[in-house]
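Undergrad: Structure, please.
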Amino acid sequence: MAFPITALMDEEACYHRLVNLLHPAGLACPRCGCRDGLGVHRRHRAPVLDYQCPTCGRVFNAFTGTPLQQVHRPCAELVLVLRGICQGVPTAQLARELGRDRGQLLGLRHRMQALAERAASGQAPLPDAEVEADETYQNAGEKRRAAPRPG
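TA: As a prediction, the model looks like this:
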């Protein structure tokens, strides 16, 4: 008996999770940056809402200007893809589990990983000023006999 896991997930909760991940400072207009007074323009893809900016009139949703722009998949499926990427699950396995095309899923994975790499590049490699090596280079500096050379 097969149970599709996406049917067991709450689509609205997954949408809010994605919005919080993509817009940690809160949703804003991608054109002018306005955050106040965003009105709901359309509800045709619930729970994904289209908003209209009161300042510039731009219509957008939470995925506009992100790696998820023009990805028309259920939010629960996108959360499962992110989970799989974080766990290091191969793209072929994710595609089989979700019943999706491996090539398209690979393109989405590359876009998401590029975004994560850009976000991490501004961070210091390690938060501590001092690092302990704990036997990492236990043979560093040791002299050994020369390797035998063929005659």
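Undergrad: And the residue nearest to Phe63 when sequence neighbours are not counted, how far from Ala147?
TA: Spatial nearest neighbour of Phe63, excluding adjacent residues (C-beta to C-beta, 6 or more residues apart in numbering): Gln69 at 5.2 Å. Any C-beta I mention is one placed from the backbone N, CA and C, and that applies to glycine too. Remark: distance between Gln69 and Ala147 (C-beta to C-beta, to the nearest Å) = 56 Å.
Undergrad: who's more crowded, those two?
TA: Gln69 (13 against 5; other C-beta atoms under 10 Å).
Undergrad: Tell me the secondary structure at that one.
TA: Of the three states, Gln69 takes coil under DSSP: H, G, I helix; E, B strand; the rest coil.
Undergrad: hang on, it packs against Ala62?
TA: No: taking contacts as C-beta atoms under 8 Å, Gln69 lies outside contact range of Ala62: 10.0 Å.
Undergrad: mind checking the longest helix of this structure?
TA: Looking across the chain with DSSP state H, the single longest helix is helix 102-121.
Undergrad: Could I get the CA-only coordinates of that one as PDB?
TA: Taking C-alpha atoms only, helix 102-121 is exported to PDB below (Å, rounded to 0.1, in the frame of the first residue of the first chain):
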ATOM      1  CA  ARG A 102      15.100  14.200 -12.600                       C
ATOM      2  CA  GLY A 103      16.400  16.800 -15.000                       C
ATOM      3  CA  GLN A 104      13.900  19.500 -13.900                       C
ATOM      4  CA  LEU A 105      14.500  18.600 -10.200                       C
ATOM      5  CA  LEU A 106      18.300  18.800 -10.800                       C
ATOM      6  CA  GLY A 107      17.900  22.400 -12.200                       C
ATOM      7  CA  LEU A 108      15.800  23.400  -9.200                       C
ATOM      8  CA  ARG A 109      18.400  21.900  -6.900                       C
ATOM      9  CA  HIS A 110      21.300  23.800  -8.600                       C
ATOM     10  CA  ARG A 111      19.400  27.100  -8.200                       C
ATOM     11  CA  MET A 112      18.700  26.500  -4.500                       C
ATOM     12  CA  GLN A 113      22.300  25.400  -3.800                       C
ATOM     13  CA  ALA A 114      23.600  28.500  -5.600                       C
ATOM     14  CA  LEU A 115      21.400  30.700  -3.400                       C
ATOM     15  CA  ALA A 116      22.600  28.900  -0.300                       C
ATOM     16  CA  GLU A 117      26.200  29.300  -1.400                       C
ATOM     17  CA  ARG A 118      25.800  33.100  -2.000                       C
ATOM     18  CA  ALA A 119      24.100  33.500   1.400                       C
ATOM     19  CA  ALA A 120      27.000  31.500   3.200                       C
ATOM     20  CA  SER A 121      29.800  33.400   1.300                       C
END
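Undergrad: I am finished for the moment; much appreciated.
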